[in-house]
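Student: My questions concern the predicted model and sequence given below.
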Amino acid sequence: YVTRDGDDYILNGQKTFITNGPDADVVVVYAKLDEGDRADKRNRKVLTFVLDRGMEGFEQSKPFRKMGIHSSRTGELFFNNVRLGRDRLLGETEGTEGPDEGRASARSNFSAERIGVAAMALGVIEECLRLSVDYAKTRTLWGQEISQFQLIQLKLANMEVARMNVRNMLFRVIESGEKGVPISLAEASAIKWYCSQAATDVAMEAVQLFGGNGYMTEYRVARD
């Protein structure tokens, strides 16, 4: 949250699980304005600030040790009485479109971010499916490829259904963007939930399809 101090603002708080937080040189922060009037926190004006690495009172944590997505480091941000002038406001103004302007901006950014999860999920699903199909065609048991077994075929079919569903959701997002009608935050959130769950389910199915080999790091399916 931020409070007024003359013509400046004072920012306090912290945020965990920030993508690229440990590495960012510039950070955009959405913060609610505390006017000291005991207003409902849900209805407070949202302001947007631009901060630079190394500002007094602004600290960036070391990267967390994560299970995956190592190419994008995650961390925590701390704000301890960070003094911000009006020039730090995005657009250098609190806005003239009413108290919901900052909140609408945040919703728009959150929607775009959550849609990105669908694209990552599709990549995970497609790679797991590719690896599983290749393995099922080369691994033999009792004199035949395991791809001939109905249980293996069911696993592959479920993976393909997940791939089609996630791909179609992404197509809907693209088509909406082309029409100039971005999808809502609620729909973006639903897409993120479904696609991330689908990718997790497919990855687990892939590990099961590989049997004991699915738990061995020599096989990519275990590492992905």
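Tutor: Perfect, thanks for sending it. What you see is a predicted model, and the numbers here were worked out from it, not measured in a lab.
Student: alpha carbons only for contacts and neighbour counts from here, please
Tutor: Noted.
Student: OK, contacts around the closest residue to residue 55 other than its chain neighbours?
Tutor: Closest residue to residue 55 apart from its sequence neighbours, by C-alpha to C-alpha, 6 or more residues apart in numbering: residue 82 at 7.5 Å. For residue 82, the contact set (C-alpha atoms under 8 Å, 6 or more residues apart in numbering) comprises 10-12, 55-58.
Student: go with 7 Å
Tutor: 10-12, 56-58 (C-alpha atoms under 7 Å, 6 or more residues apart in numbering).
Student: neighbour-wise, which of these leads?
Tutor: Going through these with other C-alpha atoms under 10 Å as the criterion, the one with the most neighbours is residue 11, at 24 neighbours.
Student: ok, and the nearest residue to residue 184 once chain neighbours are set aside, which helix or strand is that part of?
Tutor: Distances taken as C-alpha to C-alpha, 6+ apart place residue 111 nearest to residue 184, at 6.9 Å, with adjacent residues excluded. Mapping residue 111 onto the secondary structure by DSSP states H and E places it in helix 101-138.
Student: residues near residue 6, how many?
Tutor: Here the neighbour count serves as a burial measure; for residue 6 (other C-alpha under 10 Å) it reads 8.
Student: before we move on, the earlier item: confirm for me that the residue nearest to residue 184 is in contact with residue 182.
Tutor: No. Residue 111 is beyond contact range of residue 182, at 8.8 Å (criterion: C-alpha atoms under 7 Å).
Student: Compare these two (neighbour count), which wins?
Tutor: Set side by side, residue 111 and residue 182 show unequal neighbour counts under other C-alpha under 10 Å, the larger going to residue 111 at 21 against 16.
Student: and that one, what does it touch?
Tutor: By C-alpha under 7 Å, 6+ apart, residue 111 lies in contact with 184-185, 188.
Student: what pLDDT does it get?
Tutor: Predicted confidence (pLDDT) at residue 111: the value is 84.
Student: any weak-confidence spans in this structure?
Tutor: 92, 95-103, 224 (pLDDT under 70).
Student: just the helices in it please.
Tutor: With DSSP state H, the ranges of helices along the chain come out as 101-138, 150-178, 185-209, 220-223.
Student: Quick check: which of the ones you listed is nearest to residue 67?
Tutor: Within the helices of the chain, the stretch nearest residue 67 is helix 220-223; the backing value is 9.9 Å (C-alpha to C-alpha).
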